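Colleague: give the three-dimensional model of this entry:
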Amino acid sequence: AKGVVHFASRTKYIPLSPDTGPDGELVAYNLECESLIYNKKSQTVSALSNVTFTIGDTGISCQKADIVIDDNEITGVVCEGNVEFYDPYMTGTADIVKYDKNDLTLVLLSNSQEDVLVSYKGQDVKGKQVTVTLGDKREIILNQGTISVSTTE
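Modeller: Down below sits the predicted model:
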């Protein structure tokens, strides 16, 4: 499809936020873009140009998104080009963002001079690669960068 494309469906819950529902819960997701290609053989939805992808309280905007679907469940997402990410706990910007359900990770990568920036509960993490583990025990793993810690009273 080309033009202004809006695609909406439901998927099994993805644990991007540690306290937003049980596994197996169906949640709505929306995808808006200017071009959408569905590859039935690879079970991949590819969205191009001015992409906005939302699922639950999580959103991503970018220039290209490839979404892997297995048995009506999103198992992987790769977003590229001016990626902005947000959920109730965290925001981030990167050149590339990869979600992997099997590893329960969100990897934000820089392939330019600009660092990845992740703000998690008021703390800023900057570097060439930031990996966030998802689920109950969220960790942030930094590769080549800095962490700015702000104190709270």
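
Colleague: next secondary structure after the helix or strand harbouring V83?
Modeller: Element membership for V83, per DSSP states H and E: strand 73-86. Using DSSP H and E, the helix or strand that follows strand 73-86 in sequence is strand 90-100.

Colleague: the nearest residue in space to V68 that is not next to it in sequence: neighbouring residues, count only.
Modeller: Ranked by Cβ to Cβ, 6 or more residues apart in numbering and with sequence neighbours excluded, the top spatial neighbour of V68 is G76, at 3.9 Å. Placement of C-beta: from N, CA and C, glycine included. Counted with other Cβ atoms under 10 Å, residues neighbouring G76 total 16.

Colleague: test my guess that G76 contacts V45.
Modeller: No. Using Cβ atoms under 8 Å, G76 is not in contact with V45; the gap is 11.0 Å.

Colleague: what residues are shared contacts of these two?
Modeller: Common contacts of G76 and V45 (Cβ atoms under 8 Å, 6 or more residues apart in numbering): 66-67.

Colleague: about what we covered before: give the contact list for the residue nearest to V68.
Modeller: Contacts of G76 by Cβ under 8 Å, 6+ apart are 66-68, 98-101.
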